[in-house]
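S.K.: Give the three-dimensional model of this entry:
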Amino acid sequence: MASASSAVTTTEKRLEGGQLQLRRQQEEYRQRAAELEAGQRQKQKQLDSLRRATALFGERFSLKFRHGQDELCLVMTDVDAFDQGREFCISVRITDNVYSVTRCEPMVPGLDELTAEVNRTNDFATFVKSVRKAFVAVAKQAHGL
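M.R.: Alright, predicted model coming up:
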């Protein structure tokens with residue numbers, strides 16, 4: 001009888017240990033789930049912020065971003081005073097921190113120099129502004145202005 005009582009006590013201790021381990025695992029899972037949810041909320045905030053910025057660029061600067069295969073295409077409108085809906089596009093690829101233009105429609109004079117400058121300074125905003133100015137000049141020239 002003592003042996004049976006000892007076996008029951010051992011089983012109860014094992015059961016209690018298993019239950020304790022299970023509670024610890026449940027708490028770990030809850031904490032991990034809370035961390036994942038917090039991370040997801042943070043990522044959603046970042047995504048919302050990027051979407052707002054993209055909309056702002058579209059509205060204020062008539063600039064849209066399109067993603068191609070390993071490149072970013074910037075589509076600009078309100079460049080040609082005679083055809084404000086006309087799209088001007090420049091596609092840029094960055095490989096090993098080096099910018100390269102993969103497409104430019106219409107082609108603009110001085111593009112090689114602009115590309116060299118963005119690679120020297122890493123100032124992409126200035127590059128975009130300079131390309132837009134070049135597009136405006138090309139559009140004016142096309143209309144004899």
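
S.K.: Convert the C-alpha atoms of the helix or strand hosting residue 72 to CSV, please.
M.R.: In the assignment (DSSP states H and E), residue 72 maps to strand 71-76. Output in CSV follows, covering the C-alpha atoms of strand 71-76 (Å, rounded to 0.1, in the frame of the first residue of the first chain):
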residue,chain,number,x,y,z
GLU,A,71,13.7,49.4,-60.0
LEU,A,72,11.7,52.4,-59.0
CYS,A,73,9.8,54.3,-61.6
LEU,A,74,8.9,57.9,-60.9
VAL,A,75,6.0,59.1,-63.1
MET,A,76,5.6,62.9,-63.2
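
S.K.: which stretches of the protein form strands?
M.R.: Assigned by DSSP state E, the strands in the chain fall at 63-68, 71-76, 88-95, 98-105.

S.K.: Tell me the strands beside the strand holding residue 72, with direction?
M.R.: Sheet partners assigned to strand 71-76 using DSSP bridges are listed as strand 63-68 (antiparallel), strand 88-95 (antiparallel).

S.K.: Which helix runs longest in this structure?
M.R.: The helix spanning the most residues in the chain, taking DSSP state H as the definition, is helix 2-61.

S.K.: mind showing which ranges of this structure have poor pLDDT?
M.R.: Applying pLDDT under 70 to the chain flags residues 1-4.

S.K.: Could you rerun that using 90?
M.R.: The model of the chain has pLDDT under 90 over residues 1-20, 22, 39, 41-62, 64-70, 143-145.

S.K.: Give the burial count for the residue nearest to residue 140 when sequence neighbours are not counted, as a bare number.
M.R.: Spatial nearest neighbour of residue 140, chain neighbours left out: residue 81 (7.7 Å); criterion: CB to CB, 6 or more residues apart in numbering. For glycine as for every other residue, the C-beta is placed from the backbone atoms N, C-alpha and C. When counting by other CB atoms under 10 Å, one arrives at 11 neighbours for residue 81.
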